[in-house]
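Undergrad: Give me coordinates for this.
(one chain, ligands or ions: 1)
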Amino acid sequence: MKYLLMIFILCFAISCEDESNSVIIDSNMPEGNTDYYVRIQSLIPNPAGTDSGKESFMLKNYANRECDLTGWYVEDLASKRCELDSVGILGANASYNYIILNVTMLNNASETVYLKTKDDIIVQTVTYKNAGVDEVISTEPETEE
Ligand SMILES: [Ca+2]
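TA: Residues are numbered from 1 along each chain as shown. Here you go, the predicted model:
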């Protein structure tokens, strides 16, 4: 019985490895830590009217495998942060529009924010200046026409 269980675990490990070898990444993925495939795709730092409770950013998983964002967070230079626990598992190639409710953190004039894992590893650094009213700031590389 013990051997049967070991064989089962071994097969499971092998099948997991096969999956990791077949990760397909969307070529629009913004720069960042290549060990991870989730990025902030865009931000709206300066929503019309009062910013409080309406600032937002779009998260996107650029790979064909899901990613658990439990414990991940977005933090700015002033160490204001929003936790991404509520996002949970972001499916393959899925997007999530995150509205920042608990804190006003995305400066309109000049800002740097970090996307970090539960182990505080920086996955992505986003810097922007002069966000216009309702402007969507994209982090994706510009494609040549
Ligand atoms: Ca703002």
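
Undergrad: Now for residue 89, how many residues are close by?
TA: By the criterion of other CB atoms under 10 Å, residue 89 has 11 neighbours. Where C-beta positions appear, they are placed from N, C-alpha and C, glycine not excepted.

Undergrad: can you pull out the helices in the chain?
TA: 2-20 (DSSP state H).

Undergrad: Setting aside sequence neighbours, what's the nearest residue to the residue in it that the ion sits nearest to?
TA: The ion sits closest to residue 51 of the chain, with a gap of 3.8 Å, by CB to the ion. Excluding the flanking residues, the one nearest residue 51 by CB to CB, 6 or more residues apart in numbering is residue 104, at 5.4 Å.

Undergrad: The one you found touches residue 46, doesn't it?
TA: No - counting by CB atoms under 8 Å, residue 104 sits too far from residue 46 to count as a contact (11.0 Å).

Undergrad: quick one: contacts for residue 112?
TA: 76-77, 125-127 (CB atoms under 8 Å, 6 or more residues apart in numbering).

Undergrad: I meant to write residue 110 there.
TA: 128-130 are the contacts of residue 110 under CB under 8 Å, 6+ apart.

Undergrad: Specify the beta-bridge partners of it.
TA: Beta-bridge pairing for residue 110 (DSSP bridges): residue 129.
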